[in-house]
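Show me the folded form of this:
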Amino acid sequence: MKITAVDACVLTVPTPKPIALEFPHHKLVVAEIATDEGVKGLGYSLVFGGAGAESVLTYLETRLKPLLLGEDPLAVERLWDKMYRGDRGVRRVGIAGMALSALDIGLWDIAGKNAKQPLYRLWGGATDRVACYGSGGWGKYTEKDLIAEAERYAAKGCRYYKMKIHDPDPLANRRRVESVKKALGPRVRMMVDVNQKLDVTANIRQAAVLEDLDLVWYEEPVLADDLAACGEVAQRIRIPVATGENNYNRFEFRELIERKAATYLMPDVCRANGYSETLRIAHLAAAHQVQVSPHVVYELSIQVCGAISNGFLVELMDWMPEDLFQEIPQCRDGFIALPRKPGHGLELAPGAVQKYRTA
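Numbering: from 1, shown residues only. The predicted model follows:
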């Protein structure tokens, strides 16, 4: 089998309210990998909020695509290494990491289809359903928006809900969390997300006023580049720390583990150099008894959590229109059943590219 073509584009997808209050749209950098045997693989990277998507596409087209043409798509490990080492002067983080991710996901889709197995089973098959948490609660939401969104996820059976704490006043954040917690009652546990907005001192102060609320985790407290600061926060607050959505390779995650900087690691398969590197990160975490809860793109992440024994939760962010994918896995009673289709099981809906393609 040989790769004959890689067709890539950017899709601009509007978001519904209330998410649109914070992000009016997201963008997908989509790559379809074609082979001489007719098997095709779909890969994509979600560019949250859309910024930089065109740069991801350019790097994919000009630097990575030429490395794949004519190659055997089933040699995923070799091709991943070829792409990862293809530019020694450009680290595979940010734009380059997202471009590599889209192609690696597409290659694994071909591998699964060729083996006639869903990816989670191809990788070992720990479980055929994965628990999820509802995610949103952005800073621009009103209290009414927050509660309505949290209750919508709870109605789907989600036993966890995550919201942002973006107000500069720690007590204002406390009041917002309390309001949602009161509305949900004991049926749903909560997490909070700082989104890198505070320094060490401010995080210690913020966490101190939330410690009695039985939060599952306190997410991404400091700049993702500053692993030492994340470690310091984790050691000095009494809420478990979760982080990793903006870390891109196993070497960064190794340092997070060594610094005891997180109880939960959150690789994003669209940023962390695809399925290949995300699986390495997950297995590294397992060797240190650390749980993995992948960041967003739950429809892709469920394959990873279904394959590993240390998967915790996937992040259900309900933003996609019904006409983007042919069939999207749904939450039922707080769990998402893994698709039985070979590969990752996703296909773009007819007309989706024409409707959402960025000019």
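
how about the helices in the chain?
53-59, 65-68, 76-84, 94-115, 119-122, 143-155, 170-184, 200-208, 227-236, 250-258, 274-286, 298-307, 352-356 (DSSP state H).

For residue 135, find the nearest of those.
When the helices of the chain are compared by C-beta to C-beta, helix 143-155 sits nearest residue 135, at 8.1 Å. From N, CA and C alone the C-beta is placed, and that goes for glycine too.

Just the buried residues of the closest one, please?
Across helix 143-155, burial judged by 16 or more other C-beta atoms under 10 Å covers 145, 146, 147, 149, 150, 153, 154.

and it, what other elements does it pack with?
strand 129-135, strand 160-164, helix 170-184 (3 or more C-beta pairs under 8 Å, 6 or more residues apart in numbering; DSSP states H and E).

hey, C-alpha coordinates of that helix in PDB?
C-alpha atoms of helix 143-155 as PDB (Å, rounded to 0.1, in the frame of the first residue of the first chain):
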ATOM      1  CA  GLU A 143     -24.500  33.000  36.100                       C
ATOM      2  CA  LYS A 144     -27.700  32.000  34.300                       C
ATOM      3  CA  ASP A 145     -25.700  30.700  31.300                       C
ATOM      4  CA  LEU A 146     -23.400  28.700  33.700                       C
ATOM      5  CA  ILE A 147     -26.200  27.000  35.500                       C
ATOM      6  CA  ALA A 148     -28.100  26.200  32.300                       C
ATOM      7  CA  GLU A 149     -25.100  24.700  30.700                       C
ATOM      8  CA  ALA A 150     -24.200  22.600  33.700                       C
ATOM      9  CA  GLU A 151     -27.700  21.300  34.000                       C
ATOM     10  CA  ARG A 152     -27.800  20.400  30.300                       C
ATOM     11  CA  TYR A 153     -24.700  18.200  30.800                       C
ATOM     12  CA  ALA A 154     -26.200  16.700  34.000                       C
ATOM     13  CA  ALA A 155     -29.300  15.800  32.000                       C
END
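
Just want the angle from that helix to helix 170-184.
Between helix 143-155 and helix 170-184, the angle comes out at 40 degrees (axes from the mean of the first three to the mean of the last three C-alpha atoms, to 10 degrees).

Rounded mean pLDDT for helix 143-155, please.
When pLDDT is averaged over helix 143-155, the result is 96.

For that helix, what is the distance to the chain centroid?
22 Å (C-alpha atoms, centre = their mean, to the nearest Å).

and what of stretch 313-325?
12 Å.

again, but for stretch 146-160
20 Å.

List the contacts of it.
Applying C-beta atoms under 8 Å, 6 or more residues apart in numbering, the contact partners of stretch 146-160 are 18, 131-134, 136-137, 141, 161, 163, 176, 179-180, 183-184, 187-191, 216, 313, 316, 318, 331-335.

Could you do stretch 233-240 as well?
200, 203-204, 207-208, 210-211, 215-218, 221-222, 241, 259-264.

List the ones among those residues that fall in strands.
Judged by DSSP state E, these include 218, 241, 264 as members of strands.

thinking again about what came up before, could you dump the buried residues of helix 143-155 into TSV and include distance to residue 47?
Formatted as TSV, these follow (distance: C-beta to C-beta, whole Å):
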residue	distance to residue 47
145	24
146	25
147	29
149	23
150	26
153	24
154	29
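
Identify, from these, the entry nearest to residue 106.
residue 153 (30.2 Å).

check contacts around the closest residue in space to residue 110 that isn't next to it in sequence.
In space, and not counting its chain neighbours, residue 110 is closest to residue 41: 3.7 Å by C-beta to C-beta, 6 or more residues apart in numbering. Taking C-beta under 8 Å, 6+ apart as the criterion, residue 41 is in contact with 32, 33, 73, 105, 106, 107, 108, 109, 110, 113, 343.

from those, which is closest to residue 274?
For the contacts of residue 41, the closest approach to residue 274 (C-beta to C-beta) belongs to residue 105, at 5.3 Å.

mind checking how far the closest one is from residue 198?
Per C-beta to C-beta, to the nearest Å, residue 105 is found 33 Å from residue 198.

rewinding a little: would you mind listing which of the contacts of stretch 146-160 are buried?
Of the contacts of stretch 146-160, these count as buried by 16+ other C-beta under 10 Å: 18, 131-134, 136-137, 141, 161, 163, 176, 180, 184, 188-191, 216, 313, 316, 318, 331, 334-335.

mind listing what's buried in stretch 31-49?
31-35, 39-48.

that older thread, of the buried residues of helix 143-155, closest to residue 277?
Looking across the buried residues of helix 143-155 and measuring by C-beta to C-beta, the closest to residue 277 is residue 153, at 29.3 Å.

pretty sure residue 353 contacts residue 11?
Yes: with contact defined as C-beta atoms under 8 Å, residue 353 and residue 11 form a contacting pair (6.9 Å).

higher neighbour count, these two?
residue 11 (22 against 14; other C-beta atoms under 10 Å).

mind checking how far that one is from residue 62?
Counting by C-beta to C-beta - residue 11 and residue 62 are separated by 20 Å.

same thing with residue 50?
Applying C-beta to C-beta to residue 50 and residue 62 gives a distance of 20 Å.

who's more crowded, those two?
Shown here are residue 50 and residue 62; by other C-beta under 10 Å, residue 50 has more neighbours (18 against 10).
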